[in-house]
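# take this sequence and fold it.
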Amino acid sequence: MRTEIRVLGPLEVSVDGVSIVPTASKPSQLLAMLALNAGHVVTVSSLTEEIWDCQPPRSGVPTLHTYILKLRRKLDNALAGHGEVTSKDILITRRGGYLLNVEPGDVDAVRYEQLSAAGRAAVNEGDHETASRTLGAALRLWRGPALADVPTGPLLAIEAMRLEENRLGDLHLRIEADLKLGRHHQLLGELATLCARHPLLENFCAQQMVALYRSGRQSQALEAYRRLRTDMMEQLAVEPSPRVRGLQRAILTGHAVMDDLNFAVNG
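Numbering: from 1, shown residues only. Alright, predicted model coming up:
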């Protein structure tokens, strides 16, 4: 029996290729909660808080049990032909809650966090090639925003935000590793896209400035800084940080060297 759970994008949960994702929004929230906490008990109170935003109806708990029964029916259909394995072996009732009994490696978010941790360890060790390769593998698990097609209540929203912040952090570290490996030309298109999508994130702008400068495009590097400063002043009423201003001055005077630029990005 092969189980696959994917939350780094639209929600996909399948058993031997058969999807068990409900079409209705609230049951899909319940499945997303179980999927993100696979191997751990999710309490009834947490499920009702997520599904009804801390204001469950009087029939909340019975309705939740109905969702569980419907999910088990989907599991039983997918498990047809698997002998003694039933839905109750996978979706287990525990005191006060439910547990999705699958292998941790079946969940893409778990595999992502394992690769992320290994990549960050390589960064700390100064192994830029391993960092780039491992973080790149982690980032390729993403198919879009986490739980892109699932309505999120308070708990899922927090978890989706945490995953997204980790993704952006890993993306910055992977690009940083590639810059240290001299891959500035290959990064220009990716960084242009990232800066357009995240115009207020200094890290991506600083990396774009470095990549442009090293590619012999000093004027475009300075223009990237001007766009960042304009956006920050107009939307946040603050100047870029001292490290990014220092990078701009180094590029402006033409005295920037590779070590200076690394310091400016890392500082």
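# and Asp170, how far from Ala160?
Per CB to CB, to the nearest Å, Asp170 is found 16 Å from Ala160. Every C-beta, even on glycine, is put in place using the N, C-alpha and C of the backbone.
# higher neighbour count, the two?
Asp170 (24 against 20; other CB atoms under 10 Å).
# so what's the residue count around Pro154?
Other residues close to Pro154 by other CB under 10 Å number 10.
# my guess is it meets Asp53, correct?
Yes. Counting by CB atoms under 8 Å, Pro154 touches Asp53, with 6.2 Å between them.
# which neighbours do those two share?
Shared contacts of Pro154 and Asp53 (CB atoms under 8 Å, 6 or more residues apart in numbering): none.
# per-residue pLDDT of Gly83, please?
Note on Gly83: pLDDT of 70.
# okay, it and Ala32: tell me how far apart.
From Gly83 to Ala32 the distance is 29 Å (CB to CB).
# neighbour count winner among those two?
Neighbour count, other CB under 10 Å: between Gly83 and Ala32, Ala32 has more, with 27 against 7.
# how about the more buried one, nearest residue that isn't a chain neighbour?
Val150 (4.9 Å; CB to CB, 6 or more residues apart in numbering).
# got a list of what that neighbour touches?
10-11, 25, 28-29, 32, 156.
# which phi and psi does it have?
Main-chain dihedrals, Val150, degrees, to the nearest 10: phi -110, psi 130.
# now it: how far from Ser14?
Val150 is 16 Å from Ser14, by CB to CB.
# so Thr86 makes contact with Asn77?
No. Here Thr86 does not reach Asn77: they are 11.4 Å apart, not a contact under CB under 8 Å.
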